[in-house]
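S.K.: Sequence below, structure please.
(one chain, ligands or ions: 1)
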Amino acid sequence: HPLFNGVLVERAEDLSEAYDYVVVGAGATGLTVANRLSEDPAVTVLVIEAGQFDQNEDFVTIPGLAGGAVGTKYDWNTSYTANDALGGRVVSIPQGKVVGGSTKLNRMAFDRGSKSDYNVWESFGNSGWNFEGILPYFRKNENFTPPTEEVLAEHDIKWDLAFHGQKGPMHSSYSPFIWPTTKNLINATKEFGIYISNDQASGNAYGGYYCPHNLDPVNVTRSSAKEAYYDTASARQNFHIITGNQVTQITIEAANGVVKVTGVEFASSSNATRQTVSVSQEAILAAGALHTPQLLQVSGIGDPAHLKNINVEPIVALPAVGQNLHDHVSAIVVNIINTTILTGSALQNATFAAQARQEYDAQRKGPYSSPTADFLLFLPVSVYSNESASIHAQASAGNVASSLPSDATREVVKGYQAQYDSLTSRLLANDSGTLEIIWADGAMVLGLQHPYSRGSVKAASSSIFDPPIADSGFLRSPLDVLLLREGIKFARRFIKSPSLAALNPFEVVPGANVTSDADLDEFIRGSVGTLYHPAGSCKMGPKEEGGVVDGELKVYGVQGLRVVDQSVFPQLPASHTMTTAYGVAEKAADIIRGVQSK
Ligand SMILES: Cc1cc2nc3c(=O)[nH]c(=O)nc-3n(C[C@H](O)[C@H](O)[C@H](O)COP(=O)(O)OP(=O)(O)OC[C@H]3O[C@@H](n4cnc5c(N)ncnc54)[C@H](O)[C@@H]3O)c2cc1C
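M.R.: Numbers count the residues shown, from 1 in each chain. Presented below is the predicted three-dimensional model:
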């Protein structure tokens, strides 16, 4: 073929006319599926990505600068819509717009949820989607490296190789440098009698645990979907990628009662000419939890009433598209700590930062080698609150529909009822964390892992170039406020543990004068943000329970169309989401190929 001496296709005119599979989005899930499908040289795969390749900027590659790509050209710079439950506040929701997607922006916490977090997916009517069913795919994704001798001399980190992969493309390893106050945190955890998990990967990802990172242990740089799944496949002549182009529509043909995908339309900007490629087998959506439902809607798949409002001809009536959006909402308690030892904020000191940078450049060691968050807490309700019985009673008596947007249909409410019941029973369970605590030099970020509230994603117009209207739903349910309020009270008790008290903490946020429940709730509503984990907006589940895709990730009512990204999670796990996104995508690739990994 004259055109393909590499697989990066610079000009749309140079693409083939048709591909077996066209993947929308080159993030965590899109690159995973494209890589696996193109292992068969007879299968042609095209990935279309809105963003560009990054240039290995320091803020992308250096662990100590993780998150630095937020707000740059590699970010969609999107926001959730103004939220009444937050006093009308707008919360920004960064999302990767670059080859590698959000795995180029993320904070590099590489952890899994607990067994029960995945087993509930199966209980919602998704056969085979349980911890055991995803575990082979967690392993397939992972190239695990145990901690260095140097780290082990200081830290009692344990791991169980039975739960890790060592041949996968994504590096997972521990920071070669762990900030000193992490020890105070670990000791405080012990002083509080909190369970410490030997290895979060085992499905016991609650209590406290050392958290691995998506960190290349040799170069001590970020390992992203781009290095893991694009670089390793870029020599394949049957794997093409075009960047800087946004998919504008999935073209669908409805004839003789059969509704079928025929092609994918894309353009480099809103006023550029639309191009099309034909799809021989399937279009695979991996545009992320905010953009995938938007793309379905502008393509005529969604709630007919909404589609008519935005002048899109309905082709498949699937009102659940965009519903069930949820995210890990988070509050923060900040203590100034008085300590002479090194802390994270030290990197803001120019002299210290310059020395640290030298150490990193010369030896790949020191503060810049850590993305922080080396030890995380995921606390069941009964561990962080004495009120679990009363919270359970309130939830049991609660109004289910009030956690949902007002336009949720009967099917959506029915599916959510099952989630509500499950969330409520888990208030009394000890096998998954409800509250995450991320410690950073006296600041404690408190993330609600099993929120009740649900929002929705809606295309704002028929143009994909108009950002979707994403209602986070944050704090729509008063139970979520209550669970966070208990979290703040816990953080205040926890900081008094001997090992944290030794740092002479002084609370500045919310501050000593904020103590009554009413004041705490006002603080929570006025300040919460996100842990960047939007999911659930094209839920996997039975159609009559608000499912958008079935257990094979096929979109209901149309042939040749799957969703493989984070929007299919029926419910968020209690963990950061990248490993779950990879696990789902690895499993999706096997489902599409009709094989099963062990
Ligand atoms: C700031 C931040 C910090 C995070 N921290 C962590 C962390 O520490 N640990 C963790 O586990 N997870 C973290 N995450 C989440 C993690 O990165 C995601 O779980 C994961 O990347 C989701 O994969 P995805 O494939 O669903 O979406 P993405 O990786 O976001 O990929 C979607 C891709 O689709 C492209 N796209 C969208 N629309 C179109 C279109 N119309 N046409 C073409 N392309 C399109 C996007 O540009 C993007 O490249 C973080 C995320 C962010 C943003």
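
S.K.: Report the spatially closest residue to Val564, excluding sequence-adjacent ones.
M.R.: Nearest non-adjacent residue to Val564, counting by C-beta to C-beta, 6 or more residues apart in numbering: Ala588, 4.2 Å away. No exception for glycine: its C-beta is placed from N, CA and C like everyone else's.

S.K.: For Ala397, grab the count of nearby residues.
M.R.: Look at Ala397: counted by other C-beta atoms under 10 Å, it has 7 neighbours.

S.K.: in stretch 14-32, what's buried?
M.R.: Using 16 or more other C-beta atoms under 10 Å as the test for burial, stretch 14-32 gives 15, 19-32.

S.K.: Report the two of the residues you listed separated the most.
M.R.: Leu15 and Ala28 (23.7 Å; C-beta to C-beta).

S.K.: pretty sure Val258 is touching Gly560, no?
M.R.: No: at 10.3 Å, Val258 does not count as touching Gly560 under the criterion of C-beta atoms under 8 Å.

S.K.: Compare those two (neighbour count), which wins?
M.R.: Using other C-beta under 10 Å as the criterion, Val258 and Gly560 rank with Gly560 on top: 22 against 9.

S.K.: how far away is that one from the ligand?
M.R.: Applying C-beta to the nearest ligand atom, to the nearest Å, the value for Gly560 to the ligand is 18 Å.

S.K.: How about Ser527?
M.R.: According to C-beta to the nearest ligand atom, Ser527 and the ligand sit 18 Å apart.

S.K.: Pretty sure that residue sits against Ala331.
M.R.: Yes: at 6.2 Å, Ser527 counts as touching Ala331 under the criterion of C-beta under 8 Å.

S.K.: Compare neighbour counts for those two and give me the winner.
M.R.: The residue with more neighbours, out of Ser527 and Ala331, is Ala331; 25 against 15, by other C-beta under 10 Å.

S.K.: Burial check on Arg593, number of neighbours?
M.R.: Neighbours of Arg593 using other C-beta under 10 Å come to 13.

S.K.: Surely it is in contact with Leu37?
M.R.: Yes: if you go by C-beta under 8 Å, Arg593 and Leu37 touch, sitting 6.9 Å apart.

S.K.: what about the strands in the stretch 401-550 of the chain?
M.R.: 435-440, 443-448, 455-458, 469-471, 506-509, 529-530 (DSSP state E, counting those that start in this stretch).

S.K.: The stretch 151-300 of the chain too?
M.R.: Taking DSSP E, counting those that start in this stretch as the test, the strands found in the stretch 151-300 of the chain are 170-172, 207-210, 215-216, 221-222, 239-242, 246-255, 258-267, 275-285.

S.K.: most packed of these?
M.R.: Compared across the strands of the stretch 151-300 of the chain, strand 170-172 shows the largest average neighbour count, a mean of 25 (mean count of other C-beta atoms under 10 Å).

S.K.: Contacts for that one, please.
M.R.: Contact partners of strand 170-172, identified using C-beta atoms under 8 Å, 6 or more residues apart in numbering, comprise 110, 141-145, 164, 212-217, 223, 225, 228, 582.

S.K.: Excluding chain neighbours, what is closest to the residue in the chain that the ligand sits nearest to?
M.R.: At 1.7 Å from the ligand, Gly27 is the closest residue in the chain, using C-beta to the nearest ligand atom. Leaving aside its sequence neighbours, Gly27 sits nearest to Gly101 (C-beta to C-beta, 6+ apart; 2.1 Å).

S.K.: residues from the stretch 401-550 of the chain in reach of the ligand?
M.R.: Residues of the stretch 401-550 of the chain lying near the ligand by C-beta under 6 Å from any ligand atom: Ile464, Tyr532, His533.

S.K.: Would you mind listing the buried residues in stretch 42-53?
M.R.: By neighbour count with 16+ other C-beta under 10 Å, stretch 42-53 contains the buried residues Val43, Thr44, Val45, Leu46, Val47, Ile48, Glu49, Ala50, Gly51, Phe53.

S.K.: Looking at those, which is nearest Asn83?
M.R.: Ala50 (26.1 Å).

S.K.: which residues touch that closest one?
M.R.: Residues in contact with Ala50 (C-beta under 8 Å, 6+ apart) are Gly25, Lys97, Thr243, Gly244, Asn245, Gln246, Val247.

S.K.: How many residues are close by the fifth one?
M.R.: So that's Asn245. Neighbours of Asn245 using other C-beta under 10 Å come to 19.

S.K.: how about the nearest residue to it once chain neighbours are set aside, what does it touch?
M.R.: Leaving out its chain neighbours, the residue that sits closest to Asn245 by C-beta to C-beta, 6+ apart is Phe266, at 4.6 Å. Contact analysis of Phe266 by C-beta under 8 Å, 6+ apart lists Ala12, Ile48, Ile242, Asn245, Gln246, Val247, Thr248, Arg274, Gln275, Thr276, Val277.
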